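Asks: what would the 3D arrangement of this be:
(4 chains)
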2 protein chains.
Amino acid sequence: MLSERKKQILKAVVNDYVLTAEPVGSNALVKRHKLDVSSATVRNEMSELEDLGYLDKTHTSSGRIPSDKGYRAYIDYLLEVKPISIPEQKKIENFFDGQMSEVLAIIKRSVKVLSEQTDFPAMMISPHYKETSLEQIKFLMIEPGKILIVVVLSPGIIKDRLIRVPTVLSQTQLSIINKMIERNLTGVTLDQITLISVSAAMEDVPVPESILNQILFEAYISIKQAENIEFYIEGTHRLLSQPEFNDVETAQQFLQTIHQEGLIAGYMSEWDEHKKMLSPQMSESGPQSGSDSTSDYYLESAEKPSYMVRIGQEIALEGLEDCSFITAAYKVSDKITGRIGIVGPKRMSYDKIISQINFVNHTLDKEISDLTQEYDPEED
Amino acid sequence: MLSERKKQILKAVVNDYVLTAEPVGSNALVKRHKLDVSSATVRNEMSELEDLGYLDKTHTSSGRIPSDKGYRAYIDYLLEVKPISIPEQKKIENFFDGQMSEVLAIIKRSVKVLSEQTDFPAMMISPHYKETSLEQIKFLMIEPGKILIVVVLSPGIIKDRLIRVPTVLSQTQLSIINKMIERNLTGVTLDQITLISVSAAMEDVPVPESILNQILFEAYISIKQAENIEFYIEGTHRLLSQPEFNDVETAQQFLQTIHQEGLIAGYMSEWDEHKKMLSPQMSESGPQSGSDSTSDYYLESAEKPSYMVRIGQEIALEGLEDCSFITAAYKVSDKITGRIGIVGPKRMSYDKIISQINFVNHTLDKEISDLTQEYDPEED
DNA sequence: GTTTAGCACTCGAGTTGAAAGAGTGCTAAA
DNA sequence: TTTAGCACTCTTTCAACTCGAGTGCTAAAC
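Replies: Model (predicted):
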């Protein structure tokens, strides 16, 4: 374990470096942080911190910058995440006008808010619906030949899709097919639904087989489409204001990687699969001393913050070695979750950003649960 | 009118500058284009072209670059737009897998294709549905308290929206409201529908007024939502590979402007309002000599290309003075159109990009009409 | 009258070298 | 164990300089 002083110095280095983007030297450190030791002592300590792998140098006679290990220690043990101010909370809440009726729309809105609040690119992956069960599937004949297939999942998620069929199909025939499919599939989880299970138990349907098959296929596609994971990123241009992207080459390379179809989506969606394998990432860091309780902070509700930080090399994606992800899991229902978060250079104000993510995520959860819950006349 | 030689030189300057991004000098011009005059002559001609406003200099002893007027002349009179190659056509067509059932999804796909094909940011504005009439509105009770409102517009466009109502509302009551609204509004154009017209003629509905009002309001919102114009841009990061954005400051400023909510959307959506005021923009440019008819080019179908180019100062948006827009109008139905196109620095390969846009737009039109048309059993 | 060769001039881009400054590591004394 | 002192290293900055591409003008050639 690091000595108290080493911790203090590491923390100071990270804080300064995050602020200035310049390697920080022993003199500056003593001055800015009123350490009551000399710069020479700090120098010695820093040298040891470097040997231990917490700090790096850009060249022999430069100041130090945190290494990945340094950042990790900072985040796990030294970070104090404070709630954001009430005006800021209000500001975020105001972004959600309650008009949105789709889960995905609300999540995307959160991404926008997050990006604006942090001035970093923000992103999300849509919820995993695989283990969700199908509640209803409705065939709505819009006009002869056009059918809207509405898929309703158990937590009240609705997806729909328009298909075309031969006009010979009548409303009555459609209803029969609809009822049969529904009887067959209601309550089954999405990942267990196959084309075969959709088609099963279709007996004595007074519809030509080719048309029936087509409808069954479309129904199957509609269901499968509901479990698609979507990735969405917004505000990538904000990165350009970060000094680490002053070089256009770097910026371009980064943006290209980030925009690579499915790359990050796939990577992020893995995280929650082997959730247990990951270290808790939460700082015990007893700062709660600063509990002047200026706010009815959302943590009161016994929620544990659930953010996750991935730093530099911890990100196993080529081209993102110098970046960090900070994400949090939002909840659509107990079983259904997705992730929302930001990307940026490793050098970022972890505390501020984490507190923003925490609150946005909290608000998002609330909005979604408002939406998916039964209507409560006591509201409004 | 410019002399033949001046035209030739202007064209050569634009072509070279587009290629190299360097001011082009008289020597280089003679060499690259095998003009059978000396560089001195070219110099004199260029000097005159500068006096006439077609060319500019970056400093006293530099080569020339095209001015806005130069680009305009180039596009209006000198440009030869050739169809893209058949492999490229195939490539574009393959992007549309026929699986998409939503107009907006198809348009967005086109934007993606366009951006990839041109390596520029591509964008769209969604169709104007204001003058479209409401064909149907359906209330689908998903479960007690949750209703899916489905709005069907005349060319087969479908939008929907989930709302919540008090659970006391029964299926039957809902059907009555639904029928009344439908009787009232079917065939009315969207811009003529007001909250009042939605509420009108509601008599003897066996539903508490507060609930009725709520439903009417939600129905109104759903209809209005259908006419929202959406703007979408993709691939902005591609700009960074353009030398004019080598400077991060410039790039950042541009991207910020571009991402400003509604700015471009508003600007673009104006274009088609005063359509007649705009010059035809089409080169008469008799190049069709190269009609080795290697392709069953889409122009055969008597369509006139409908692209529009806005160059530099012609764009009345602060911060985009050094850019060009190239857009084309796509068609959802005879009356309903939107725009799709790209943005980039003024210096771009107009011919290549225009031909890409033409073809993508053509394909888009086809896809949409396939979708909105009645089902034809002869297909597939 | 038009075209061209020749030449002086201009300006930007790139190179070099010196000086300044920030920071380190080490040594020896406190 | 801490600190002052100092030599050393490396980056950054800036001015001076060179190089080269390109122009504009003049006078001769066609």
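Asks: the residue nearest the centre of chain A and residue B:228: what is the separation?
Replies: With distances taken as Cα atoms, centre = their mean, residue A:340 lies nearest the centre of chain A, 1.7 Å away. Counting by Cβ to Cβ, to the nearest Å, the gap between residue A:340 and residue B:228 amounts to 25 Å. Where you see a C-beta, it was placed from the backbone N, CA and C, and this is true even at glycine.
Asks: same check, this time on residue A:110
Replies: Using Cβ to Cβ, residue A:110 is found at 20 Å from residue B:228.
Asks: give me the more crowded residue out of these two.
Replies: Legend: neighbour count by other Cβ atoms under 10 Å in any protein chain shown for residue A:110 and residue B:228, higher for residue A:110 (25 against 9).
Asks: the helix or strand that that one is a member of and chain B in contact?
Replies: In the assignment (DSSP states H and E), residue A:110 maps to helix A:103-118. No. With Cβ under 8 Å from any Cβ of the partner chain as the criterion, chain B is not reached by helix A:103-118; the gap is at least 9.4 Å.
Asks: same thing with stretch A:230-249?
Replies: Yes. Residues of stretch A:230-249 contacting chain B under Cβ under 8 Å from any Cβ: A:235-237, A:240-241, A:245-248.
Asks: and stretch A:200-213, which residues are buried?
Replies: A:202, A:207, A:211-212 (16 or more other Cβ atoms under 10 Å in any protein chain shown).
Asks: that one: end-to-end distance?
Replies: End-to-end distance of stretch A:200-213 (Cα to Cα, to the nearest Å): 11 Å.
Asks: right, is it up against chain B?
Replies: No. Using Cβ under 8 Å from any Cβ, stretch A:200-213 stays clear of chain B, with a minimum separation of 9.8 Å.
Asks: what count of nearby residues applies to the closest residue to DNA strand D within the stretch 51-200 of chain A?
Replies: The stretch 51-200 of chain A approaches DNA strand D most closely through residue A:61 (2.9 Å), counting by Cβ to the nearest atom of the strand. For residue A:61, the tally of surrounding residues (other Cβ under 10 Å) stands at 7.
Asks: returning to that earlier point: now the residues of stretch A:230-249 next to chain B: which count as buried?
Replies: Applying 16+ other Cβ under 10 Å to these, the neighbour count classes A:235-237, A:240, A:245, A:248 as buried.
Asks: where do the strands sit along chain A?
Replies: Secondary structure of chain A (DSSP state E): strands located at A:55-57, A:64-66, A:122-125, A:134-143, A:146-153, A:158-164, A:231-234, A:307-311, A:323-331, A:337-345.
Asks: shaky segments in chain A?
Replies: For chain A, residues meeting the criterion pLDDT under 70 lie at A:273-305, A:374-380.
Asks: break it into its domains for me.
Replies: A:4-76, A:81-127+A:229-372, A:134-226 (automatic domain parsing).
Asks: skip the chain neighbours and tell me the closest residue to residue A:116.
Replies: residue A:235 (7.4 Å; Cβ to Cβ, 6 or more residues apart in numbering or on different chains).
Asks: give the contact list for that neighbour.
Replies: Residues in contact with residue A:235 (Cβ atoms under 8 Å, 6 or more residues apart in numbering or on different chains) are A:112, A:115-116, A:119-122, B:259.
Asks: distance of it relative to residue A:113?
Replies: 10 Å.
Asks: so what's residue A:196 up against?
Replies: By Cβ under 8 Å, 6+ apart, no residues touch residue A:196.
Asks: around DNA strand C, pick out the residues from the stretch 51-200 of chain A.
Replies: The interface of the stretch 51-200 of chain A toward DNA strand C, taken as Cβ under 7 Å from any atom of the strand, is made up of A:57, A:60-64.
Asks: what's the neighbour count on residue A:312?
Replies: Residues within reach of residue A:312, counting by other Cβ under 10 Å, total 18.
Asks: wait, it touches residue A:71, no?
Replies: Yes. Between residue A:312 and residue A:71 there is a contact at 7.2 Å, judged by Cβ atoms under 8 Å.
Asks: name the residues contacting each of these two.
Replies: Counting by Cβ under 8 Å, 6+ apart, the residues touching both residue A:312 and residue A:71 are A:324, A:346.
Asks: biggest helix in chain A, by residue count?
Replies: helix A:350-372 (DSSP state H).
Asks: please state the offset of that helix from the chain centre?
Replies: Here helix A:350-372 is found 10 Å from its chain centre; the criterion is Cα atoms, centre = their mean, to the nearest Å.
Asks: how about the helices in chain A?
Replies: Ranges of helices in chain A, per DSSP H, are A:4-20, A:26-33, A:39-51, A:68-73, A:86-95, A:103-118, A:171-185, A:195-199, A:209-226, A:248-258, A:263-271, A:350-372.
Asks: which of the ones you listed sits closest to residue B:106?
Replies: For residue B:106, the closest of those is helix A:209-226, at 15.3 Å, according to Cβ to Cβ.
Asks: packing partners for that closest one?
Replies: strand A:134-143, strand A:146-153, strand A:158-164, helix A:171-185, helix A:195-199 (3 or more Cβ pairs under 8 Å, 6 or more residues apart in numbering or on different chains; DSSP states H and E).
Asks: who's in contact with that helix?
Replies: Residues outside helix A:209-226 that contact it (Cβ under 8 Å, 6+ apart): A:129, A:134, A:137, A:139, A:147, A:149, A:151, A:153, A:157, A:159-161, A:163, A:165-166, A:168-169, A:174, A:177, A:181, A:185, A:190, A:193-195, A:198-199, A:202, A:205, A:207, B:99.
Asks: re earlier: now render the buried ones among the residues of stretch A:230-249 next to chain B as TSV, adding distance to residue A:16.
Replies: Shown next, in TSV, are those (distance: Cβ to Cβ, whole Å):
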residue	distance to residue A:16
A:235	26
A:236	27
A:237	27
A:240	23
A:245	20
A:248	27
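Asks: now, which of these sits nearest DNA strand D?
Replies: Using Cβ to the nearest atom of the strand, residue A:245 comes nearest to DNA strand D of those, at 15.7 Å.
Asks: would you confirm that that closest one contacts residue A:251?
Replies: Yes. The criterion here is Cβ under 8 Å, and residue A:245 meets it with residue A:251 at 4.0 Å.
Asks: between the two, which contacts overlap?
Replies: Residues touching both residue A:245 and residue A:251 (Cβ under 8 Å, 6+ apart): A:239, B:248.
Asks: quick one on the thing from earlier: ok, which of the helices of chain A comes nearest residue B:344?
Replies: helix A:248-258 (15.1 Å).
Asks: contacts only, for residue A:62.
Replies: Contacts for residue A:62 were tallied using Cβ under 8 Å, 6+ apart; they are A:23, A:25.
Asks: quick check on it: phi, psi?
Replies: phi -100, psi 170 (degrees, to the nearest 10).
Asks: and the gap between residue A:114 and chain B?
Replies: Distance of residue A:114 to chain B, given as Cβ to the nearest Cβ, to the nearest Å: 15 Å.
Asks: I'd say that residue and residue A:360 touch.
Replies: Yes. Using Cβ under 8 Å, residue A:114 is in contact with residue A:360, at 4.9 Å.
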